[in-house]
Structures are given as C-alpha cells and as structure tokens.
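>>> Predicted model and sequence below, questions to follow.
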Amino acid sequence: MTTSQIIVILGGLALTIFIAWYFWFAPKAQTRAAVSESGAQEVAVTVKGGYTPDVIVVQKGRPVRLTFTRHESSACSEKVLFPDFNQNALLPEGEQVTLEFTPDKAGEFGFQCQMGMLRGKLIVE
Ligand SMILES: [Cu+2]
C-alpha cells in the first residue's frame, strides 16, 4: 500500500466518523419560546418532513402556545402528539393549528407524529 492510498483511506474514515457524529451526536439548535404580551410562550413550528424548530425550550408553569403549520400532504405528519401532556392536534395542510397547555413539570418531553417517525423535543426548565 502506498502512502497516498493510506491517506485516502484515513481521509474517508475521518469523513465517515464526522458524518456519523454530525447526525447522531452534534448538539441540535434549540429554540427558546418568546413570551408574548399575554404572558404565553409562543413558538411557530413548521411541519415539513420534520418539525422546525424541533427542540423547543420553555419555562415551567407558564402557558405554552405552539402554532403548527403543515406544509405537506403526507399522511405521516397529519397529527402531532405530546403524550406527556395529553395533547394532540390534527394538522390540516396549510392551516395554522394552535396547541396551548401549561407544562407543570420540568424535563425533556418528546413530541411526534402518530407513528413516531417525526420527532421533536420540548425542554421544560
Ligand atoms: Cu408519521
């Protein structure tokens, strides 16, 4: 094996490791909810092949208002569920749907489509 072959192999290996790290371990961007005049913590979430943003940070004990807008017709994402807060909503394509609840416990809680293929996380502080 020549030196250049070894370099190519090591380079490919490093790239593979980087891609794996990026997809599985890189810290995801968090979105902190903005507090409106009414005191609710508001975040607009776009649904298209996933949730954007998908990591939402809110404060405990303050109402949370999440407005979902679904920009796709795939049946997969037509419903969003927050199992830890007994919340769910149907998301008709192109319509804004608001979910409002007050998180009474701190922690990290997932939200998802009905099959669990699209996932997001609500972090309550
Ligand atoms: Cu789904």
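Alright, I've got the coordinates.

>>> mind listing the helices in the protein by residue range?
Listed in chain order, the helices of the chain (DSSP state H) span 3-24.

>>> List the residues that contact the residue nearest to Asn88 when sequence neighbours are not counted.
With Cβ to Cβ, 6 or more residues apart in numbering as the measure, Leu81 is the residue that lies nearest to Asn88, at 4.4 Å, once sequence neighbours are left out. All C-beta atoms are positioned from the backbone trio N, CA, C, and that covers glycine. Residues in contact with Leu81 (Cβ atoms under 8 Å, 6 or more residues apart in numbering) are Gln87, Asn88, Phe111, Gln112, Cys113, Gln114.

>>> Can you flag the buried ones in those residues?
Phe111, Gln112, Cys113 (16 or more other Cβ atoms under 10 Å).

>>> before we move on, back to that, how about the contacts of Leu81 in JSON lines, adding distance to Thr16 and pLDDT?
Below are the contacts of Leu81 laid out as JSON lines (distance: Cβ to Cβ, whole Å; pLDDT from 0 to 100):
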{"residue": "Gln87", "distance to Thr16": "40", "pLDDT": "96"}
{"residue": "Asn88", "distance to Thr16": "39", "pLDDT": "97"}
{"residue": "Phe111", "distance to Thr16": "31", "pLDDT": "98"}
{"residue": "Gln112", "distance to Thr16": "29", "pLDDT": "98"}
{"residue": "Cys113", "distance to Thr16": "30", "pLDDT": "97"}
{"residue": "Gln114", "distance to Thr16": "34", "pLDDT": "93"}
